[in-house]
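# With the input below, show me the fold.
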Amino acid sequence: MKIATVKIRLETAYFEQCIRFYTALGFTITQQWHDNSGQGATLTLLEVSNVQLELAHIPNTVPNSACSLQFEVSDLDQTVKALANVLTADNPIERSYESRSLYLSDPSGNRVTLFQRIPSPQDHSNAADILDMLHDSVALIGVYDEYERLRYTNAAFRAAYFIDPDESLDWQTLMRRNFQASRGTIIKTDNIDGWISSVRSRRGKSPVRCYESDLHDGRFIGVTETMRKDGWIIYVGTDVTQLNVSQRELRLACDALFRQSFTDDLTGVSNRRHILAKLEETIDARQEAWACLIDIDHFKRVNDTYGHICGDDVLVNLARAVRNTLKLRDAFGRVGGEEFLVIFTNQSFEEVGITTRKLIETITDLVVCAGIPKLRITISGGLTQISDLDTQEKILGRADRALYWAKSAGRKQIRLATSEDDLDPLSEFFECKQRTYKFKAQLNKLKRNLSKTYASPFLTY
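As a prediction, the model looks like this:
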């Protein structure tokens with residue numbers, strides 16, 4: 001059934017004030033024109049729902065008799081706040097509430113009645129009622145933003161994980177605090193940082209993640225985490241303590257073995273198999289993504305100078321710093337030795353550039369070995385975009401070539417390779433320079449050997 005359009009014309013001397021007033025009610029300006037033939041200066045047509053309101057600017061003229069207007073609004077309280085913001089002290093509004101209706105006068109003196117619109121069964125705009133239901137639910141419900149900070153928790157979630165109603169904290173802080181207090185989630189580890197790195201290698205990498213978690217109070221929680229494309233995650237936990245008790249320990253043991261199968265033993269991040277599997281998933285997903293190979297500069301020198309224990313500390317601290325710098329949805333793993341792979345998903349080139357620069361700055365200032373606080377390292381990287389027709393070999397080949405360019409250009413930087421045939425602007429220069437250095441080194445070695453063999457006083461080197 002089509003609703004007839006109601007057309008109203010108002011003549012007012014308070015033209016600008018009336019425009020602000022009716023815009024606050026939800027009207028949008030659809031037409032404006034000038035009339036210079038008579039006294040009318042400006043006409044404006046505003047429209048909302050099935051109401052068209054024509055405002056005519058008549059200078060120094062006030063209507064002899066005010067009219068009565070009636071409108072429906074979706075949120076009466078918000079409308080009142082909006083009106084209070086746009087009206088000046090010279091044009092106050094008179095308010096009186098009666099059965100969710102509001103009576104007031106516009107700047108021209110017209111009587112306006114606002115009615116609270118009653119939502120239909122299909123109308124889900126009543127967010128307050130929905131939040132009340134979520135708050136009282138027995139399910140554990142929490143919402144994390146893309147930086148893993150809790151933005152919403154219901155009463156059941158806060159009780160299970162010991163969070164105050166007004167408290168705002170991130171997932172890592174929550175896990176560390178409860179681990180130290182032996183409450184909330186049971187975490188079987190002697191290294192909480194390694195455990196967090198391992199979990200973050202899986203968390204936020206897929207649209208849906210399901211697992212079981214046991215709490216110190218004896219309950220078992222079946223958890224489903226659903227992630228949006230922007231990285232926000234909703235956590236929904238259900239008490240499954242009474243379900244399949246005999247098989248629960250077996251499932252937990254299988255989950256522990258599964259975690260170990262794709263976690264790097266030393267650094268706690270994804271191992272080579274897991275990060276390359278994520279690379280394949282990213283290719284299949286056909287989404288905007290980037291791959292970046294990261295390598296520690298002069299790492300062999302660190303091992304030779306300070307020993308392999310210090311070298312291990314460097315790898316662990318670097319992996320932890322990189323993981324904390326990246327967004328949760330970014331995949332990160334160790335592909336071998338001192339080389340790591342980062343996969344950026346659903347991000348523009350500009351966003352990736354900001355993150356990689358931040359990585360270089362973070363690692364440059366990082367204390368990588370507690371026993372040698374003055375030791376500092378740098379990293380180099382090779383970046384390439386992941387396309388629909390790519391293969392794992394092509395992506396890693398381009399990234400490795402870009403990494404070589406970064407090393408040749410002096411290290412402590414990220415270089416970009418855009419295709420298999422792409423040549424870095426400086427690559428030929430550095431390759432030529434490297435060949436020159438190699439030739440000079442061979443020549444000097446030959447001179448030294450000749451000097452030792454013949455002891456010639458005429459040979460200089």
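
# So for whichever strand or helix holds Asp129, what gets flagged as buried?
According to DSSP states H and E, Asp129 maps onto helix 127-136. By neighbour count on 16 or more other Cβ atoms under 10 Å, the buried set for helix 127-136 is Leu134. In short, each C-beta sits where N, CA and C put it, glycine included.

# Quick one: distance of that helix to the chain centre.
Its chain's C-alpha centre and that of helix 127-136 lie 26 Å apart, by Cα atoms, centre = their mean, to the nearest Å.

# immediately after that helix, which helix or strand?
Counting by DSSP H and E, what follows helix 127-136 is strand 140-144.

# got the buried residues for that next one?
Those would be Leu140, Ile141, Gly142, Val143, Tyr144, for strand 140-144 by 16+ other Cβ under 10 Å.

# before we move on, what about stretch 204-217?
Gly204, Lys205, Arg209, Tyr211, Ser213, Asp214, Leu215.

# ok, so of the buried residues of strand 140-144, who is nearest Tyr103?
Tyr103 has its nearest neighbour among the buried residues of strand 140-144 in Val143, at 39.4 Å by Cβ to Cβ.

# Convert the C-alpha atoms of stretch 212-223 to CSV, please.
Extracted in CSV, the C-alpha atoms of stretch 212-223 (Å, rounded to 0.1, in the frame of the first residue of the first chain):
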residue,chain,number,x,y,z
GLU,A,212,37.7,-26.0,24.1
SER,A,213,39.1,-24.3,27.1
ASP,A,214,39.2,-25.5,30.7
LEU,A,215,39.0,-23.1,33.6
HIS,A,216,40.4,-23.2,37.1
ASP,A,217,36.9,-23.3,38.5
GLY,A,218,36.4,-26.8,37.0
ARG,A,219,34.3,-25.8,34.0
PHE,A,220,35.0,-26.6,30.4
ILE,A,221,34.1,-24.0,27.8
GLY,A,222,33.3,-24.6,24.2
VAL,A,223,34.5,-21.5,22.4
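
# Show me what that stretch is in contact with.
If you take Cβ atoms under 8 Å, 6 or more residues apart in numbering as the criterion, stretch 212-223 is touched by 140, 160, 182-186, 210-211, 235-241, 248, 251-252, 255.

# which one among the buried residues of stretch 204-217 gets closest to Gly381?
Out of these, the member with the shortest distance to Gly381 (by Cβ to Cβ) is Lys205, at 20.6 Å.

# returning to that earlier point: what is the nearest of the buried residues of stretch 204-217 to Glu339?
For the buried residues of stretch 204-217, the nearest to Glu339 is Lys205 (20.2 Å; Cβ to Cβ).

# Quickly list the domain ranges of the chain.
The record's domain split for the chain, according to automatic domain parsing, is 6-116, 127-261, 272-425, 431-461.

# How about the backbone phi and psi for Ile186?
Backbone torsions for Ile186, taken as degrees, to the nearest 10, come to phi -80, psi 120.

# How about the contacts made by it?
Contacts of Ile186 by Cβ under 8 Å, 6+ apart are Ser213, Asp214, Leu215, His216.

# Switch those over to TSV; also include distance to Ala156 and pLDDT.
Below are the contacts of Ile186 laid out as TSV (distance: Cβ to Cβ, whole Å; pLDDT from 0 to 100):
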residue	distance to Ala156	pLDDT
Ser213	14	88
Asp214	16	88
Leu215	12	93
His216	16	94
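
# In TSV: the residues you listed, plus secondary structure and distance to Asn110.
Output for those, formatted as TSV (DSSP: H, G, I helix; E, B strand; the rest coil; distance: Cβ to Cβ, whole Å):
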residue	secondary structure	distance to Asn110
Ser213	strand	61
Asp214	strand	66
Leu215	strand	62
His216	coil	65
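
# In the stretch 101-250 of the chain, where is pLDDT below threshold?
101, 116-127, 244-250 (pLDDT under 70).

# Could I get the full set of strands for it?
101-105, 111-116, 140-144, 150-153, 208-214, 220-227, 233-239 (DSSP state E, counting those that start in this stretch).
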